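> coordinates only, sequence not included:
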């Protein structure tokens, strides 16, 4: 996945980079290492390749109804207010 495809995938889901970070961190639970904003910035700017699991997760989000993705983003935002926006 290219950086442009990654950004387009986020946009198609109605998400910003920070929303994706929060959703992944929420669903990963407290035991999983959290996803860094720097990592997602690198994916979006071509400094690092987007990992296959992130590509698959974004594809999964795109299959959900937009209202479900928005609800998930809201839940993640409310549970993880410490992530800065990118």
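Arrived safely, thanks for sending. Just so it is clear, the model here is predicted, and its values are computed rather than measured.

> pLDDT of the helix or strand hosting residue 69, averaged?
In this structure, residue 69 sits in helix 66-79 according to DSSP states H and E. Helix 66-79 shows a mean pLDDT of 93.

> which elements pack onto the helix or strand hosting residue 5?
Per DSSP H and E: residue 5 is located in helix 3-13. Judged by 3 or more C-beta pairs under 8 Å, 6 or more residues apart in numbering; DSSP states H and E, the packing partners of helix 3-13 are helix 17-28, helix 37-44, helix 52-63. Placement of C-beta: from N, CA and C, glycine included.

> for it, what is the average pLDDT?
Averaged across helix 3-13, pLDDT comes to 95.

> who touches it?
1, 16-17, 19-20, 43-46, 50, 58-59, 61-62, 66, 69 (C-beta atoms under 8 Å, 6 or more residues apart in numbering).

> stretch 47-64 too?
Outside stretch 47-64, the residues that touch it by C-beta under 8 Å, 6+ apart are 1, 3, 6, 9-10, 12-13, 15, 20, 23-24, 39, 41-43, 69, 72.

> helix, strand, or coil at residue 35?
coil (DSSP: H, G, I helix; E, B strand; the rest coil).

> now do it against residue 46, distance only.
Taking C-beta to C-beta, to the nearest Å as the measure, residue 35 falls 18 Å from residue 46.

> which one of those two has more residues nearby?
Counted by other C-beta atoms under 10 Å, residue 35 and residue 46 do not tie: residue 35 has more neighbours, with 17 against 12.

> which residues touch that one?
21, 24, 25, 28.

> rerun that using 6 Å as the cut-off
Residues near residue 35 by C-beta atoms under 6 Å, 6 or more residues apart in numbering: 21, 24, 25.

> neighbour-wise, which of those residues leads?
residue 21 (24 neighbours).

> deepest of the helices and strands packed on helix 3-13, which one?
Each of the helices and strands packed on helix 3-13 was scored by mean neighbour count; the highest is helix 17-28, a mean of 20, by mean count of other C-beta atoms under 10 Å.
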